[in-house]
Every structure is written in C-alpha cells, then in structure tokens.
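[1] Sequence first, then the predicted structure:
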Amino acid sequence: MIGLEHYMILTTVLFMIGLYGVVVRKNLLMLFFATEIMLNAVNIGLTAISNHYGDLTGQMFAFFIIAIAASEVAIGLGLLIIWFKRHGTIDLDSLQSMKG
Amino acid sequence: MIELIAFYTFAILIIISFVIVVTSKNALYSMSALASGMILISGLFFLLNADFLGAVQLIVYTGAVIALYAFAMIFFDTARDIKESKSSKLIFILTGFSSVLLVLIMTVPLATGNVEALYPIHEGVGNSQDVGMVLFTKYLIPFEVTAVMLLVAMIGGIIMAGKKMDEGIIELKEELKQ
C-alpha cells in the first residue's frame, strides 16, 4: 500500500512544475498548459486524500475542478483567438498596451 | 508490490512529460506531452480506487480539452519557435518554496487533526454508484450551478471564437489600421 506522503510529494512536484511554467513561459498558450498542469496536480492530491480517509468529498471537489478547467479553456481560447486576430501574436510582451 | 511499481512508473512518466510541456520550445510537442501526461494521470486515479474520476479524466481532459487546444492551434502559428524569458535560479527556488508551502497548508491540518469521513465510501458498492449517490443528494446545488457555468462558458466561447469568423486575419488588421 502506498502512503499518502508519496502522493503529496508527487502533487508538490507537479504543482511546482506548473508554477514554474506560469512564471517562465512567455507564450500565452504555454501559460494555459501550465495552468492545466497545476489543476491536475491538485486533483491528484484531493483524490489521494479522499482515498486515504475513505471519504468521497475529495473526489467531488476534483469533479468540480475538472468542470472549471473545461470552462476556463473554452473562454480562454476564445479570448486568445480574438487577441491573435487583432495583434498577430500571443506573446505576453504584446499585452503591454498601457505602457506610457 | 505491483501497486508500488505502477505508482512509480506513472509518477516518473507524468513528471517527465510535464517537464517536457514546460521546457519545450515547440507548441505542438508541448501539447502532445500534455496529452500523454493527462492519460497517465488517469492511471493514477484508477490506482486510487476512483474509477469514475479516471474515466472522466480520460474523456474530459484528453478527449475534450486537448482536442480543443488542438483545434485552437489552427489559428496560431505553432511552427515558429517560442521566445523564452530568462529562467533564473531564484525563480526555481521561489516556485519550489511556494508549492511546498501550499501543499503543507493543505496537508498539515489533515495530518494533525482527527478527520472523520463526511460521506464515507460504502463497502461493496461500485465507485460510480457511490459517486452518483453523493453527487445527486449532497452536492446537487453545486452540480446544477456547474451546469449553468458550463453553459455560460460554451456560449461565451462560441461568441468570442466565432466573431468575424468569415473574415480573414489580414482584413481585420487593415480595419484596425484605419
């Protein structure tokens, strides 16, 4: 039987990878990918805790996180397509339109 | 024993594929690695006796989300290499520290306090059945709100992506210049 610690360490590592991606990447599409990684990492943690305590609440939260991720992708990609049509690039640097 | 081998195989493969997602310069490679990572994560869910969640992960993430990314990539020029900002050691340390902090915030109350199962898993009942019983009795209102949220997201996605779909990118640019 695998302990809860293993899963929590995996969650930490995956969340760290996702957070690193959000900080480092300059492409907006890559930022979305990194966000997905973070959401998945949290899902693994919640399911592991749910299994450890024999409680279904963790799994319920994981379901709602998946639903939120799906709607985030739909809205985010719509905005991204509009931005690309207007400016021809999805680099983060092109978002600095308020620079004086 | 087989459980341990499966866990370590899945964990190492997930970490490798997600590192490829974060470090790859090509958006297409990145997306493929993300898809493989999602599939492997569903394996972890099956390992954790969350069968229904594993199936949902396969269908929703790999089937819907990655397919949506793949179709959205038609609009962007993905063959071009992506510019990167300089990654310093400080960023690496800070992200590691903050994720450890977050997981500790989540885990320490569970480890120290005596947690009692609010909706315990029933013996001899399948996971899908168990999930259905809890979802449609205790979590009915969040479930309905989620349905409304998905509808709003769908309408928003259609309106935003479909706006001026018949016009090309060049025409839109000329319109902006005027």
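    Looks like it arrived, so ask away.

[2] alpha carbons only for contacts and neighbour counts from here, please
    Noted.

[3] hang on, residue B:33 packs against residue B:14?
    No. The criterion here is Cα atoms under 8 Å, and residue B:33 misses it with residue B:14 at 9.2 Å.

[4] For those two, indicate the residue with more neighbours.
    Taking other Cα atoms under 10 Å in any protein chain shown, residue B:33 and residue B:14 do not tie; residue B:14 has more neighbours (23 against 20).

[5] Need the nearest residue in space to the more buried one, chain neighbours excluded.
    With Cα to Cα, 6 or more residues apart in numbering or on different chains as the criterion, residue B:14 has its nearest non-adjacent residue at 5.0 Å, and that residue is residue B:37.

[6] buried set for the host helix or strand of that neighbour?
    Following DSSP states H and E, one finds residue B:37 within helix B:27-47. Across helix B:27-47, burial judged by 16 or more other Cα atoms under 10 Å in any protein chain shown covers B:27, B:30-35, B:37-45, B:47.

[7] Equivalent analysis for stretch B:47-60, please.
    In terms of neighbour count (16+ other Cα under 10 Å), stretch B:47-60 has its buried residues at B:47, B:48, B:49, B:50, B:51, B:52, B:53, B:54, B:55, B:57, B:58, B:60.

[8] In helices, which of the residues you listed appear?
    Members of the buried residues of stretch B:47-60 lying in helices (criterion: DSSP state H): B:47, B:51, B:52, B:53, B:54, B:55.

[9] I'd guessed the fifth one sits against residue B:38; true?
    Yep, that's residue B:54 we're talking about. No. Residue B:54 lies out of contact with residue B:38 (Cα under 8 Å); the separation is 10.0 Å.

[10] can you give me the helices in chain A?
    Using DSSP H, the helices of chain A run over residues A:4-24, A:28-53, A:57-87.

[11] one step back: what's the angle between the helix holding residue B:37 and helix A:28-53?
    Going by axes from the mean of the first three to the mean of the last three Cα atoms, to 10 degrees, helix B:27-47 is angled at 10 degrees with respect to helix A:28-53.
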